[in-house]
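Participant: Sequence and predicted model, in that order:
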Amino acid sequence: MSCRIALTLRLLILFCGAALLERFSWLLCIFAFILLISGFKLLCYAEATPASDQAGLSANPDFTTRCVRAFIPMLWADATDGAYFARDDFGRMCATRLLVVVSC
């Protein structure tokens, strides 16, 4: 049942966004400008990787990561085989990066 509600809300938001872009076409230019600036920043400015990020911990986690970490231990390893949850070295059930991406 919750899947139907989620799908319905996503479709509602999609159609409302399309209607807003149709009515206010100048918004598309603003979104394109933001996208171009973001792409330029990614292309030109190399970001130094902090030492804590190399160890698998993010130095400044975003809101979703902080919310997930507040309730579930995080396993930020590359070898999680695309699972939402994995076990760490101590046998604890931990959330993976995929869970963070899906939950935002």
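Facilitator: Nice, thanks for sending it over. Numbering: from 1, shown residues only.
Participant: tell me the secondary structure for R66?
Facilitator: helix (DSSP: H, G, I helix; E, B strand; the rest coil).
Participant: For this structure, which segments count as helices?
Facilitator: 2-23, 26-44, 51-54, 63-71, 97-103 (DSSP state H).
Participant: Arrange those helices in TSV, one row each, with mean pLDDT, distance to D89 and mean neighbour count as further columns.
Facilitator: Backbone N, C-alpha and C define where each C-beta goes, glycine included. As requested, the helices of the chain are exported to TSV (pLDDT from 0 to 100; distance: least, C-beta to C-beta, whole Å; neighbours: other C-beta atoms under 10 Å):
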stretch	mean pLDDT	distance to D89	mean neighbour count
helix 2-23	91	34	10
helix 26-44	88	34	10
helix 51-54	48	18	10
helix 63-71	80	18	13
helix 97-103	77	17	15
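Participant: Save these as JSON lines, and put in distance to D78 too.
Facilitator: Formatted as JSON lines, those follow (distance: least, C-beta to C-beta, whole Å):
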{"stretch": "helix 2-23", "distance to D78": "29"}
{"stretch": "helix 26-44", "distance to D78": "21"}
{"stretch": "helix 51-54", "distance to D78": "12"}
{"stretch": "helix 63-71", "distance to D78": "16"}
{"stretch": "helix 97-103", "distance to D78": "9"}
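Participant: Understood, closing this out.
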